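Trainee: everything below, folded, please.
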Amino acid sequence: MNALKRAVLTPDSKVRNTEINGTVFSEAQRGGRRLIIWMSGVSMINASMSTQLAIDHFHPDAILFSGIAGGLDPSFQPGDVVIPAQWMHQAEAAWLNPDPQRPGFYVIPEYFRPRYPNFGNIFPDDVWVVRKGETKPRQVHAFAVDPNLLDLARVTAAKVSIQRPDGSKAKVVIGGTGMSGPIFLDDRSFRDFAFQKWHARIHEMEGTAIAQVGYSNRVPILIVRALSDLAGGQGGVNQEERNSQLAASNAAEVTAKILERIESAQ
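Mentor: Down below sits the predicted model:
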């Protein structure tokens, strides 16, 4: 939050704070527009609740999220920024018993029709969701971010200069799939599975929840994540804590540049 406020607010910005159900929303003016900044809270349900609160009380034209993540794509390193085009759930799944008659197979419930590769006894599935203007729920595999905001991010990416923890130039990557779940992922085997089978490039704990709330309310969403770790792909102890400040600053810097592009496009 400190990194984001440093990046998007001027030192003389007048900020008005509003507390709703324990979440503090900071309101300021920027470029002739109203800007609301708040903390999502950790993990999926907290992110869903705070995003819905913001939509209900402040009616935003769009929501930009800035934060950190673990990298699944082996070409990424801590400090790199990734802005996925779509977001999927990691933990929406059926966990099944092994089939005693067929080693290596599982007992499939009558209702369930697996449509995706499984990770052991865990069979991923799609989430049921209904959205504004509709009454019939349907299953959604991945929630797309706003294409216009994604285009602005593409234009912005080439003009951002940020660094990795080792001092080398960090990448800003646009597109692909992000994955979220109520789990801190530090597991090389699942990391490899998610990248190889799902082509997921990053994993974190809030993005898909925010994208789903945006989808349901028809509010444009863009999620900017900088890598603090490799989600289990590292050798030895995960160094998320060591890299988190730099990653947060990188994500905030890119978010601020996208905001500038939004303002200039008005």
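
Trainee: quick one: contacts for residue 21?
Mentor: By CB atoms under 8 Å, 6 or more residues apart in numbering, residue 21 lies in contact with 49, 53. Heads up, the C-betas are built off the backbone N, CA and C, glycines and all.

Trainee: could you point out the longest helix of the chain?
Mentor: Identified as the longest helix of the chain according to DSSP state H is helix 240-265.

Trainee: the nearest residue to residue 265 once chain neighbours are set aside: what's it in contact with?
Mentor: Closest residue to residue 265 apart from its sequence neighbours, by CB to CB, 6 or more residues apart in numbering: residue 152 at 6.8 Å. Listed by CB under 8 Å, 6+ apart, the contact set of residue 152 reads 258, 261-262, 265.

Trainee: what is the three-state secondary structure of the closest residue to residue 143 other than its chain neighbours?
Mentor: Leaving out its chain neighbours, the residue that sits closest to residue 143 by CB to CB, 6+ apart is residue 211, at 3.8 Å. Using DSSP: H, G, I helix; E, B strand; the rest coil, the three-state assignment for residue 211 comes out as helix.

Trainee: confidence score at the spatially most central residue of the chain?
Mentor: Among the residues of the chain, the one closest to the centroid is residue 207, at 2.7 Å (CA atoms, centre = their mean). Note on residue 207: pLDDT of 98.

Trainee: likewise the one 3 residues further on?
Mentor: Here, the pLDDT recorded for residue 210 equals 98.

Trainee: wait, it sits on residue 64?
Mentor: No. Residue 210 lies out of contact with residue 64 (CB atoms under 8 Å); the separation is 10.1 Å.

Trainee: tell me which of those two has more neighbours.
Mentor: Using other CB atoms under 10 Å as the criterion, residue 210 and residue 64 rank with residue 210 on top: 28 against 25.
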